[in-house]
Every structure is written in structure tokens, then in C-alpha cells.
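Please work out how this folds:
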Amino acid sequence: MNWRDTEREYALEVFPKRDITLVRGEGAWVWDDEGRRYIDCVGGIGVASVGHANSAVAEAVAEQARTLVSCPGMFYNDVRARLLAELASVAPPGLTRGFLCNSGAEAVEAAIKFARLATGRAGVVSAMRGFHGRTLGALSATHKKEYRDPFEPLVPGFSFVPFNRVEKLRAAVGEDTAAVILEPVQGEGGVRAASPDYLPAARRICDEAGAVLVFDEIQTGFCRTGRMFACDRYGVTPDLLCLAKAIAGGVPMGAVLGDDRMQPPPGRHGTTFGGNPLACAAALATIRFMQDERLDERAEALGARFRERFARRQPARVRAVRQVGLMIGVELRERCRPYLEALVERGVLALPAGPTVIRLLPPLVIGEAEIDEVADALAEVLAD
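This is a model prediction of the structure:
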């Protein structure tokens with residue numbers, strides 16, 4: 001059977017498709033339906049940090065599926081309780097409470113609501129080039145016009161400032177500001193890291209204005225940037241921390257971490273599937289694997305290895321390389337789409353981050369030989 005034809009016939013398609021049908025994965029590799037394998041630097045868009053078909057996650061999911069899959073939030077649950085305690089133990093200091101949901105966009109939606117409840121204000125400030133999701137609230141905090149314009153009017157009260165411009169942020173935050181939402185490293189925006197002074201300044205500005213500081217670490221969280229969370233690199237703790245993607249080894253899950261001040265009144269927010277025992281068991285196994293295998297240290301070392309190897313052969317059409325751990329952006333002087341297609345022919349899958357940036361988000365279990373192969377393949381296609 002031609003699965004591409006079947007999907008084309010029945011799907012309400014929202015993604016521009018590549019002509020590949022993926023059917024299996026293991027570690028940093030995926031295979032298509034014709035048996036060809038690829039080094040996966042898409043990684044489920046930053047999801048597969050512990051590798052495809054991770055045995056520890058698979059065993060935890062299978063065992064929990066035989067025990068209890070669903071448990072609504074009106075009841076306590078042992079696995080949910082263990083995960084909440086584990087998240088508090090790995091989170092930046094003071095973030096001791098969590099709300100569990102199903103995706104990054106849901107985490108952002110919840111954070112917006114929690115900030116408005118905590119402050120009694122409506123305004124939300126976010127950064128140009130930022131991306132926070134595609135649901136209406138999260139989309140309202142997302143800057144890209146191509147995503148926003150077809151769905152106007154969006155949620156009122158949102159404004160944007162240039163990223164890494166402290167004075168612009170200070171001028172935008174005032175007595176009507178409920179929250180400032182920032183990515184410590186902008187992913188979709190081209191792998192652009194906050195400058196050393198920006199997040200500490202954002203913390204001070206929010207404190208002075210009585211606004212809630214929200215970090216969106218949906219893509220950067222869980223060892224991707226060489227730390228458990230990217231904000232650890234800056235020594236800054238937000239009031240709310242949005243998480244998803246890699247949290248549960250590929251099982252859909254999101255979370256918002258905060259403290260007692262962020263506690264919403266019961267009944268003001270909820271979720272049917274959020275915090276279900278199956279996803280919680282997957283997340284517990286994922287976090288344990290990350291800690292046991294020191295994936296933060298691995299990401300730091302392998303990201304540096306990629307950058308050094310690629311720099312030896314860096315082609316002239318490369319404008320800049322931006323790398324934090326194993327979150328890598330290679331900005332070109334021209335559009336990147338043809339080179340993404342050329343990488344497929346060399347057995348490497350990669351992402352765009354805007355029209356001119358090639359983004360690499362490989363599983364953090366990728367080996368040295370594989371990261372070398374990626375660096376060499378990229379240098380070769382960009383030199384052609």
C-alpha cells in the first residue's frame with residue numbers, strides 16, 4: 001500500500017510534506033518504508049532527545065499501560081505525584097509546583113491565564129521573532145505575520161519588542177503588563193540566544209513592574225542547550241516555566257512550573273488528558289535517563305564538536321553559525337530549502353528556522369561519528 005497516497009486522501013493536511021514515509025527509529029536514526037536510513041536532525045522537532053524507541057521509555061509506557069492509563073485531575077494519582085516531585089527537584093530554584101498538560105501550546109495558554117489571574121492585568125509582552133504555538137492565545141504571543149494574519153482578530157493585549165534590547169523591553173512593560181514571555185534561545189526565530197544581560201534585566205524589569213516573567217523552554221528544556229534548562233545558563237529563575245517536547249520521550253506532554261504565588265483558584269483551568277499516568281510514567285523514565293546518561297554534558301560536548309568540525313570547512317555561503325549545546329542554526333546568505341533537500345540525499349534530515357537558517361535538533365544520544373557525518377554532509381552540500 002502507498003501510505004503517502006492514503007495520507008493525502010484522508011488528512012486535513014496542515015504541513016508541507018517531504019516525500020519520505022518514516023516507519024521506524026532507533027537512537028539518532030530513522031528508516032523510511034523503502035529501508036533507507038537517515039541521521040535524524042529533526043528529532044521530532046526537538047522531541048526525541050533520549051533517542052527513538054528508547055527502551056527505558058518503552059518499558060515504562062508498556063508497564064503503565066497495563067496498570068492505569070487515564071486518571072482525571074479530580075483524583076490523586078501516584079505516578080502523577082512522583083512526576084510533579086521530580087520536576088520540582090530538577091527545576092530552577094523555587095519552581096516547586098506544576099500544572100501538567102499535553103503540549104507546548106497548551107503550556108503557553110495556561111501560563112497566560114495564570115499570569116492574568118495572578119496580576120489582575122491583561123497585557124502580555126513578547127519578543128519579535130519569537131514562537132510560542134499556534135492556538136489562539138499562544139499565537140497571539142507569536143510574532144510571525146504569516147502565522148498570525150489569517151486568524152485575526154487574535155487575543156487583545158499582546159505587544160512585541162526586539163529581542164535582546166533591554167531598553168525596548170523596559171519601555172514596553174508597565175502597570176497594565178501581566179506577563180513577559182521570552183524564549184532563552186529563540187528556536188523558530190533562527191536559534192538566537194539571549195545575550196548575557198538580557199534575561200537578568202527582564203527579571204528586574206518584571207519585578208519592578210509587578211509583572212510575571214515567563215520563560216518558554218518548550219524547545220530548549222531538558223538538556224538540549226547543555227543544561228537541564230537554558231535559563232540555568234543565565235542564573236535567572238522565571239515565575240512560570242513552560243515545558244513540553246522532550247519531557248516524555250516522544251509521548252505528548254506539556255507542563256507549566258511555578259510557585260505558590262502562581263496558584264490559580266480551583267475550577268478556573270483544567271485538562272482532560274493532562275497529567276495522565278501513561279504520559280507521567282514516560283516522563284519519569286525520560287528524566288531519569290537524561291540524568292543517568294548526563295545528556296546535558298553530552299549535548300554541550302557534541303555541540304562544540306560539531307561547531308569545530310564544521311568550521312574547518314565552512315563554505316562562503318554561510319553567514320553565521322549559532323550553537324547552544326545541540327541546538328544549532330546555520331544561517332545562509334540565501335534560501336535554505338534546496339540545501340535541506342540535498343541533505344536528504346546524503347542521509348541527513350534537518351529543519352528550517354525561517355527562510356535562510358538550517359536548524360539541527362538531533363537526539364542527544366547521537367554519537368561522535370554521527371555528528372561528524374552531519375557536519376561533513378552539511379559542509380559538502382553547502383559547498384556544491
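
same question for the helix ranked longest in the chain, mean pLDDT?
The helix that spans the most residues within the chain, counting by DSSP state H, is helix 295-312. The pLDDT scores in helix 295-312 average 98.

For it, name the packing helices and strands.
On a contact count with 3 or more C-beta pairs under 8 Å, 6 or more residues apart in numbering; DSSP states H and E, helix 295-312 meets strand 318-324, strand 327-332, helix 368-383. Heads up, the C-betas are built off the backbone N, CA and C, glycines and all.

Single out the most deeply packed of those.
Counting by mean count of other C-beta atoms under 10 Å, strand 327-332 has the highest mean neighbour count of the helices and strands packed on helix 295-312, with a mean of 24.

so I39 bridges to which residues?
W29, V348 (DSSP bridges).

Make JSON lines from the helices and strands packed on helix 295-312 and add distance to V47 to it.
Formatted as JSON lines, the helices and strands packed on helix 295-312 follow (distance: least, C-beta to C-beta, whole Å):
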{"stretch": "strand 318-324", "distance to V47": "18"}
{"stretch": "strand 327-332", "distance to V47": "13"}
{"stretch": "helix 368-383", "distance to V47": "18"}
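
And these: which comes nearest E7?
helix 368-383 (27.7 Å; C-beta to C-beta).

Can you dump the C-alpha atoms of stretch 332-347 in CSV for me?
This file holds the C-alpha atoms of stretch 332-347, laid out as CSV (Å, rounded to 0.1, in the frame of the first residue of the first chain):
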residue,chain,number,x,y,z
LEU,A,332,22.9,31.2,4.9
ARG,A,333,23.2,34.1,2.5
GLU,A,334,20.4,32.6,0.5
ARG,A,335,17.3,30.4,1.0
CYS,A,336,18.0,27.1,2.7
ARG,A,337,15.3,24.9,1.2
PRO,A,338,17.4,23.5,-1.7
TYR,A,339,20.1,22.5,0.8
LEU,A,340,17.6,20.8,3.1
GLU,A,341,16.6,18.7,0.1
ALA,A,342,20.3,18.0,-0.7
LEU,A,343,20.9,16.8,2.8
VAL,A,344,18.2,14.2,2.4
GLU,A,345,20.1,12.7,-0.5
ARG,A,346,23.1,12.4,1.8
GLY,A,347,21.0,10.7,4.5
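
buried stuff in it?
Residues of stretch 332-347 classed as buried by neighbour count (16 or more other C-beta atoms under 10 Å): L332, C336, Y339, L340, A342, L343, V344.

need these in a markdown table with secondary structure and pLDDT, can you?
As requested, the buried residues of stretch 332-347 are exported to a markdown table (DSSP: H, G, I helix; E, B strand; the rest coil; pLDDT from 0 to 100):
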| residue | secondary structure | pLDDT |
| --- | --- | --- |
| L332 | strand | 98 |
| C336 | coil | 97 |
| Y339 | helix | 98 |
| L340 | helix | 98 |
| A342 | helix | 97 |
| L343 | helix | 98 |
| V344 | helix | 98 |
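
wait, which of the helices and strands packed on helix 295-312 is closest to F306?
helix 368-383 (5.1 Å).

Endpoints of stretch 309-320, how far apart?
Using C-alpha to C-alpha, to the nearest Å, the end-to-end distance of stretch 309-320 comes out at 15 Å.

How about that stretch, which residues are buried there?
Under the neighbour-count criterion of 16+ other C-beta under 10 Å, stretch 309-320 has R309, F310, Q314, P315, V318 buried.

Show me what whatever helix or strand A60 lives in is packed up against.
Per DSSP states H and E: A60 is located in helix 55-65. If contacts are counted by 3+ C-beta pairs under 8 Å, 6+ apart, helix 55-65 sits against helix 277-292.

pLDDT on the helix it packs on, on average?
Per-residue scores along helix 277-292 average to 98.

With stretch 10-17 instead?
89.

hang on, G249 packs against A281?
No. Contact criterion C-beta atoms under 8 Å: G249 and A281 do not qualify, at 10.2 Å.

The two: who's more crowded?
It is G249, of G249 and A281, that has more neighbours when counted by other C-beta atoms under 10 Å, with 30 against 27.

Quick one: residues contacting the more buried one.
By C-beta atoms under 8 Å, 6 or more residues apart in numbering, G249 lies in contact with A48, S49, V50, N54, V57, A282, A283, A285, T286, F289.

Repeat the analysis, applying 7 Å as the threshold.
V50, N54, V57, A282, A285, T286 (C-beta atoms under 7 Å, 6 or more residues apart in numbering).

The first one touches A285, doesn't it?
No. Under the criterion of C-beta atoms under 7 Å, V50 is not in contact with A285, lying 8.5 Å apart.
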